[in-house]
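J.: Okay, sequence plus prediction incoming.
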Amino acid sequence: MEVIITTGLFSMLILALFAVMRFGIRSWKNIESKNAVQTQLRKVQLFLLEDLKRASYDQICVPGMPGGWASGNGKALIGKEVSGSAVWFLTAVYTEEATNEEVFARDEEGRPVWKRNILYYAKRPTDEWHQHKYGFLCGSPEGRKDTYCPHKWLIRKEIDVPTLLSEATVQSTYLTAPGGHELLDPSLMGSEPGLMKVQTLADSIVDFEVTLRSPEVVVSLRAFRLLEARGLMQLGTSPLENDSFTVHYQARVIPNN
């Protein structure tokens, strides 16, 4: 009888410890997952929003922009707006070699002197890298926007071209899929003329969209809490834009130049 009672109490203790440990691991995953998403969103604020503030609304493009919105004409189509899953624009910011400090270039009349293009876009990694990093391939919906894959990377590129790139050039040359963390390796990113710098700001993106709505630029980003969702759902098989693990971030910026 004493052995049975002792064994029963010991079993109950083990079950209680297991429940506490399981709860602790789940809480840790939740906290880590939320922190990871918040860190990525802070990087988006630090880079994308600051870059846009120092740009000019007339020198910003997204894919599918109407012909009447060519850069430099004020994008004055009343009541019109355009959205795209990439955005690129000219910047007058450059690094002074003598002091290694960032400088905003202006001419004698105070107008910006554009130095290079900055490009932001979200892209799924190559299938090979996706399989290597995540262990499987996400499905891809037919005929509509891909919100199945939560593993898209938000990429920032600086391109040493002082005039606004055309959509055809951006689409054919610079919207390359990442093939690893060494993004500057030509074998991974391909041959991209004038490419000066590449950064990964996030790697758990469901959706990225930029809307030009004069005089504002609206940034919409959906990031996914990967660590928290892992083991609780099958990823890559259904749309995630409205999933409970998806964090929706939106910001509005008015370019100052």
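T.: Cool, got the structure.
J.: Which parts of the stretch 51-200 of the chain are helices?
T.: 127-134, 167-169, 186-189 (DSSP state H, counting those that start in this stretch).
J.: And the strands in the stretch 151-257 of the chain, which stretches?
T.: Assigned strands in the stretch 151-257 of the chain, in chain order: 152-159, 195-213, 216-224, 246-253 (criterion: DSSP state E, counting those that start in this stretch).
J.: Redo those strands as a markdown table? Include mean pLDDT, distance to A177 and mean neighbour count.
T.: All C-beta spots, glycine's among them, are computed from the backbone N, C-alpha and C. A markdown table is the format used below for the strands of the stretch 151-257 of the chain (pLDDT from 0 to 100; distance: least, C-beta to C-beta, whole Å; neighbours: other C-beta atoms under 10 Å):
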| stretch | mean pLDDT | distance to A177 | mean neighbour count |
| --- | --- | --- | --- |
| strand 152-159 | 91 | 9 | 23 |
| strand 195-213 | 87 | 12 | 20 |
| strand 216-224 | 89 | 18 | 21 |
| strand 246-253 | 88 | 22 | 15 |
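J.: Turn the ones you listed into a markdown table, columns for distance to L13.
T.: Shown next, in a markdown table, are the strands of the stretch 151-257 of the chain (distance: least, C-beta to C-beta, whole Å):
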| stretch | distance to L13 |
| --- | --- |
| strand 152-159 | 46 |
| strand 195-213 | 39 |
| strand 216-224 | 38 |
| strand 246-253 | 39 |
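J.: picking up where we left off before, for the helices of the stretch 51-200 of the chain, which has the smallest mean pLDDT value?
T.: Lowest mean pLDDT within the helices of the stretch 51-200 of the chain: helix 186-189, a mean of 52.
J.: low pLDDT regions in this structure?
T.: Scanning the chain with the threshold set as pLDDT under 70 gives 2, 8, 10, 16-37, 67-79, 181-190.
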